[in-house]
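I'd like to go over a predicted model; first the sequence, then the structure.
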Amino acid sequence: MGDNKLLALDKIDLSINEGDFVSIMGSSGSGKSTLMNIIGCLDVPSSGEYHFRNNNVSTLNSNKLAELRNKDIGFVFQNFNLLPRLNATENVVLPLLYSGKNLKERNKLAIEALESVGLKDRVHHRPNQLSGGQQQRVSIARAIAGSPKLILADEPTGALDSKTGLEIMKILNDLNAKGITIVLVTHEDDIANYGSRIIKMKDGRILEDRKNVNN
Amino acid sequence: MSITDLIYLSQKSLRSNILRSILTSLGIIIGVSSVITMISIGSGARIEVEQQIERFGSNNLIVRSQSSSNRGVSMGANSVNTLTLKDMEALKEELPAIKAIAPRVSLSTQIVANGNNWLATVTGTTNDYFDLGNWKFENGRSFEEEELDSGSRVAIIGKTVQKNLFDTDSPIDEVIRINKVPFTVIGLLDAKGGTAWADLDDTIIVPLKTAKQRLVAKKFPGDQIRSMTINVRSSDLLFKTEKDVDTVMRKLHKISANGNPDFVIRNYAQFLNARQESSRVMSILLATVAGISLIVGGIGIMNIMLVTVTERTKEIGVCMSVGAKKRDILLQFLIESLMISLIGGLIGIALGLGVIFGVSEYFKWKMSLDYMSIVLSFIFSSSIGIIFGFYPARKAANLNPIDALRYE
């Protein structure tokens, strides 16, 4: 709260195209989380503008931001962030509840999403009855249930062993192949390598922004 | 997000902490059960007083004969009849506050009719007795002047007597034998029901003169009577008239102001007032308990909701990230606290009903269940849930999604 303003992001000029798979890398404090929050419409920049699909996000109020997150953006977190009291289906249904879909429709969408991540036989399990990989798949199902345009994955493999991590990356890769834009935050090179574009950040600035030919 | 979805989510989280939820609602439970019990005691007492007035008539004083005790030794209530019809006439003349007086002689005796036997109390009196005692006729009529003056052998019987002597509902014009003397039944009284000490319907009423001539000539010689019911013009005059009657009676019987009287004056209003007063004290006590426990209960809810909001900060962040608006979060926590208080309200209502039935069974205390009190408790407990749940719910809704997500 001093007089010195700390700029988490500085002079960022970035555009991401629909269908991109962008990996954002950087050490802690590099500003990658703040960038993610702004891209994910969880936060608005203190100055400058962010446009998301013809919306000037910088001018939106919290209700409009919530609506955008609900309809167009899916989040996948490092620690899954599933609600422990709810079973897999109920967790996946959560965003559909807030969009006001009726019971029949949202259950159908949730089951479909769970099937698409290979959890057809785990729909009534609670998070504590599922392995880490399965929990992450539930959270991916939750992210895609509302057919978003963009998925933000914040260290999605960080809490998983490497074999399970690869399975999760494969699912994200498949989603990208279906046309969903993916923004991935990671500090592991081989995970970042799934992206078609890699952005490296340091001290709130973009250090490097390159096409990934390895992919 | 629909209300049913909100309720579904709320009950999920309440059930995950079932003991905590019930302990939280304890204050509401006690508060609501006290409210219900309080209202029942109050309205029960009111109804009982109304019933007593209905039974015995309002604004009545009863003067009875009493053997003046000799050095503290009572000679027994039946040993002597000290009241006379002259006393009655004198009271009527001296005290304009008196509207009417019904004299009474009585005996318990064998009644025979229709081949059946029955032991009943027979009262000899005048027509005023019916008005003053709030007696109504199911069938037939009261005495006619001529019957009273000539000492006709006519009788009016109570419901219990009718049931025990006759098979038919209409005993009018039937003949009953009271102490072997035949009487014609001319009226049947409406049932009043029993009190704790007597069946009011086990009664036969005959004209005063008839009783004195044919039934109780030895027991009540001359113009002696057993008791008189005095009806006072208004309830304001009741206590003053009671004193005046005492003064006049002492003068008539030549008893000094501090001497032992040979009569006793009963005032039903006294009894009713005491009854009402004790239930009023009880109600005030319960109202205090109810008020305090409802407030404490509300604070308990607020406290536990604040804890819940803190515990679930991360969860709130997750909900916000998948699209929950402030309003959704606010409503969810409000509904949770509302549910806690409503569950407390329901348990409180059940407990209150249990207390009411227990007390009325065990103490034979009249309690009246007022359905308004149940509605009132519901409104009470739900408003407490909303009022005290609002601050925690607003706190949850105003969380910043990023901070909430990052919360460990």
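Cool, the structure landed. Numbers count the residues shown, from 1 in each chain, chains lettered A, B, ... in the order given.

who touches the spatially closest residue to B:Leu208 that is not a sequence neighbour in this structure?
Excluding its sequence neighbours, the residue lying closest to B:Leu208 (CB to CB, 6 or more residues apart in numbering or on different chains) is B:Gly124, at 4.6 Å. Yep, even glycine has a C-beta here, placed from its N, CA and C like the rest. Taking CB atoms under 8 Å, 6 or more residues apart in numbering or on different chains as the criterion, B:Gly124 is in contact with B:104-106, B:205-212, B:215-216.

again, only using 6 Å
By CB atoms under 6 Å, 6 or more residues apart in numbering or on different chains, the contact list for B:Gly124 reads B:105, B:206, B:208, B:211.

right, and the secondary structure at it would be what?
Going by DSSP: H, G, I helix; E, B strand; the rest coil, the secondary structure assigned to B:Gly124 is strand.

and the residue in the stretch 201-350 of chain B that chain A sits nearest to, how far is that from A:Thr59?
For the stretch 201-350 of chain B, the residue positioned closest to chain A under CB to the nearest CB is B:Gly323, at a distance of 2.4 Å. For B:Gly323, the distance to A:Thr59 (CB to CB, to the nearest Å) stands at 19 Å.

And the two? Which one has more around it.
Using other CB atoms under 10 Å in any protein chain shown as the criterion, B:Gly323 and A:Thr59 rank with B:Gly323 on top: 24 against 10.

which SSE is B:Asp201 in?
For B:Asp201, there is no host helix or strand (DSSP states H and E).

Surely it touches B:Lys159?
Yes - the pair B:Asp201 and B:Lys159 qualifies as a contact (CB atoms under 6 Å) at a distance of 4.1 Å.

any shared contact partners between these two?
Joint contacts of B:Asp201 and B:Lys159 (CB under 6 Å, 6+ apart) are B:Ala191.

isn't there a strand covering B:Val264?
Yes - assessed with three-state DSSP, B:Val264 lies in a strand.

residues contacting the nearest residue to it once chain neighbours are set aside?
In space, B:Val264 comes closest to B:Gln66 once its chain neighbours are excluded; the distance is 4.7 Å by CB to CB, 6+ apart. For B:Gln66, the contacting residues are B:262-264, by CB under 6 Å, 6+ apart.

Show me which of these are buried.
For the contacts of B:Gln66, a burial check counting by 16 or more other CB atoms under 10 Å in any protein chain shown picks out B:262-263.

now the contacts of B:Gln66 as TSV including pLDDT?
Formatted as TSV, the contacts of B:Gln66 follow (pLDDT from 0 to 100):
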residue	pLDDT
B:Asp262	88
B:Phe263	90
B:Val264	89
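
Can you tell me which of the contacts of B:Gln66 is closest to A:Pro84?
Taking CB to CB as the measure, A:Pro84 sits nearest to B:Val264 out of the contacts of B:Gln66, at 77.6 Å.

The residue positioned nearest the centre of chain A: what secondary structure?
Nearest to the geometric centre of chain A sits A:Leu152, at 1.8 Å (CA atoms, centre = their mean). Of the three states, A:Leu152 takes strand under three-state DSSP.

where's the residue nearest to it when sequence neighbours are not counted relative to B:Tyr8, distance?
Distances taken as CB to CB, 6+ apart put A:Gly40 closest to A:Leu152, at 4.7 Å, once the chain neighbours are dropped. From A:Gly40 across to B:Tyr8, the span is 27 Å (CB to CB).

More neighbours: which of the two?
More crowded of A:Gly40 and B:Tyr8, by other CB under 10 Å: A:Gly40, with 23 against 12.

Sort out which residues of stretch B:326-334 are buried, please.
Using 16+ other CB under 10 Å as the test for burial, stretch B:326-334 gives B:326, B:328-334.

Of those, just say which sits nearest to A:Ser196.
Of all the buried residues of stretch B:326-334, B:Asp328 has the smallest distance to A:Ser196: 36.1 Å, by CB to CB.

Which strand or helix spans the closest one?
Counting by DSSP H and E, B:Asp328 is found in helix B:326-362.

taking the mean pLDDT, what do you get for that helix?
Mean pLDDT, computed over helix B:326-362, is 91.

likewise stretch A:85-101?
pLDDT averaged over stretch A:85-101 gives 92.

ok, residues contacting that stretch?
A:70, A:82-83, A:106, A:110, A:113, A:122-126, A:138, A:141-142, A:145-146, B:1, B:5, B:12, B:16, B:322-324.

what about the residue nearest to B:Val264, distance to B:Arg266?
11 Å.

same thing with A:Lys71?
Here the distance between A:Lys71 and B:Arg266 works out to 83 Å (CB to CB).

As a check, name the ranges of all strands in the chain.
Looking at chain A here, since you left the chain open. Using DSSP state E, the strands found in chain A span residues A:21-25, A:51-52, A:55-56, A:73-76, A:150-154, A:181-186, A:197-202, A:205-211.

Sorry, I should have been clearer: chain B.
B:60-65, B:83-84, B:98-113, B:116-125, B:137-140, B:154-157, B:175-178, B:181-189, B:203-207, B:224-225, B:227-232, B:263-267.

if I pick the closest residue to chain B within chain A, what's in contact with it?
Among residues of chain A, the one nearest chain B by CB to the nearest CB turns out to be A:Asn70. It sits 2.4 Å away. Taking CB under 6 Å, 6+ apart as the criterion, A:Asn70 is in contact with A:95, A:98-99, B:323.

Low-confidence ranges, chain A, go.
Scanning chain A with the threshold set as pLDDT under 70 gives A:1-5, A:214-215.

circling back to that earlier point, distance to A:Asp20 for the buried residues of stretch B:326-334 - can I get that in a markdown table?
Below are the buried residues of stretch B:326-334 laid out as a markdown table (distance: CB to CB, whole Å):
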| residue | distance to A:Asp20 |
| --- | --- |
| B:Lys326 | 32 |
| B:Asp328 | 31 |
| B:Ile329 | 32 |
| B:Leu330 | 37 |
| B:Leu331 | 37 |
| B:Gln332 | 36 |
| B:Phe333 | 39 |
| B:Leu334 | 42 |
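
What's the local residue count around B:Phe390?
16.

If you could redo that for B:Glu311, that was the one I meant.
With other CB under 10 Å as criterion, B:Glu311 counts 12.

Next: B:Lys209.
Using other CB under 10 Å, B:Lys209 is surrounded by 16 other residues.

Which positions in the stretch 201-350 of chain B make contact with chain A?
Proximity of the stretch 201-350 of chain B to chain A (CB under 6 Å from any CB of the partner chain) is limited to residues B:315, B:318, B:321-325.

out of those, which are inside helices?
Of those, the ones assigned to helices by DSSP state H are B:315, B:318, B:321.

What helices and strands are in contact with the helix ranked longest in chain A?
Ordering each helix of chain A by length in residues (DSSP H) puts helix A:162-177 first. The contact analysis (3 or more CB pairs under 6 Å, 6 or more residues apart in numbering or on different chains; DSSP states H and E) places helix A:162-177 against helix A:132-144.

Is the nearest residue to B:Asn59 once chain neighbours are set aside bridged to anything, and to what?
Nearest residue to B:Asn59, sequence neighbours excluded (CB to CB, 6+ apart): B:Val232, at 4.6 Å. On the basis of DSSP bridges, B:Val232 is bridged to B:Ile98.
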